[in-house]
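Colleague: only the shape, not the letters, is given here:
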């Protein structure tokens with residue numbers, strides 16, 4: 001992988017089980033586990049996207065504990081993963097940040113994930129090959145019951161869904177992120 005790879009976990013806007021637009025709560029496990037998976041697979045940064053002040057404060061407290069507090073002292077490996085987390089208000093802010101970091105002319109390729117994609121999908125193998133290029137990519141995950149259509153519509157591609165052994169398909173976002181990263185990098 002040569003292309004800078006980023007992750008974004010959207011907490012708003014997402015959909016609930018009835019398909020209505022909602023916001024979801026940030027979890028400690030999602031911060032830790034996705035950051036650790038990202039660090040393992042060479043992700044440049046992991047964005048947690050929420051407009052909610054209380055959620056941003058919680059993320060900051062968790063991150064501070066593991067980067068500047070006692071947690072970082074006793075577990076430097078976790079510190080190196082948590083240091084890659086960035087908090088943003090919107091998905092647009094994520095894309096702007098990545099494009100500013102990568103420099104002029106480096107438009108970020110936005111890739112949505114969905115257990116039930118609304119349209120054509122791109123295979124992990126194909127996207128993994130694209131990651132051998134230079135264009136920065138952001139893989140976008142949704143909390144609750146998935147990304148709101150407005151986020152998916154901002155993306156350039158949708159990754160093929162992860163298929164299990166049967167009809168049940170409701171993985172935790174932490175599990176999905178790890179599976180996708182392995183398929184994209186080691187595919």
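Modeller: Received it, and whenever you're ready, just let me know what you need. As the structure is a prediction and not an experimental result, all values here were calculated from the model.
Colleague: now the helix or strand of the chain with the lowest mean pLDDT: buried residues?
Modeller: Taking mean pLDDT, DSSP states H and E as the measure, the helix or strand of the chain with the lowest value is helix 70-74, at a mean of 88. Residues 71, 72 are the ones in helix 70-74 that count as buried (16 or more other C-beta atoms under 10 Å). Using the backbone N, CA and C atoms, a C-beta is placed for each residue, glycine as well.
Colleague: counting by contacts, list what the next helix or strand after it packs against.
Modeller: Using DSSP states H and E, the helix or strand that follows helix 70-74 towards the C-terminus is helix 76-82. Applying 3 or more C-beta pairs under 8 Å, 6 or more residues apart in numbering; DSSP states H and E, we find helix 76-82 packed against helix 28-40, helix 53-67, helix 70-74.
Colleague: most tightly packed of those helices?
Modeller: Of the helices and strands packed on helix 76-82, the one with the most neighbours on average (mean count of other C-beta atoms under 10 Å) is helix 28-40, at a mean of 19.
Colleague: packing partners of it?
Modeller: Secondary-structure packing of helix 28-40 (3+ C-beta pairs under 8 Å, 6+ apart): strand 5-10, strand 45-49, helix 53-67, helix 76-82, helix 173-186.
Colleague: compare those and give me the one nearest residue 35.
Modeller: Set against residue 35 and scored by C-beta to C-beta, the helices and strands packed on helix 28-40 come closest in helix 76-82, at 4.2 Å.
Colleague: for residue 148, which of the helices and strands packed on helix 28-40 is the nearest?
Modeller: Of all the helices and strands packed on helix 28-40, strand 5-10 sits nearest to residue 148, with 7.9 Å by C-beta to C-beta.
Colleague: which of the residues in the closest one are buried?
Modeller: Across strand 5-10, burial judged by 16+ other C-beta under 10 Å covers 5, 6, 7, 8, 9, 10.
Colleague: ok, that strand: who's next to it in the sheet?
Modeller: The sheet places strand 5-10 alongside strand 45-49 (parallel), strand 137-142 (parallel), with pairing taken from DSSP bridges.
Colleague: relative to the whole chain's centre, how far out is that strand?
Modeller: 3 Å (C-alpha atoms, centre = their mean, to the nearest Å).
Colleague: rewinding a little: using JSON lines, lay out the helices and strands packed on helix 76-82 together with distance to residue 113.
Modeller: Converted to JSON lines, the helices and strands packed on helix 76-82 look like this (distance: least, C-beta to C-beta, whole Å):
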{"stretch": "helix 28-40", "distance to residue 113": "12"}
{"stretch": "helix 53-67", "distance to residue 113": "21"}
{"stretch": "helix 70-74", "distance to residue 113": "29"}
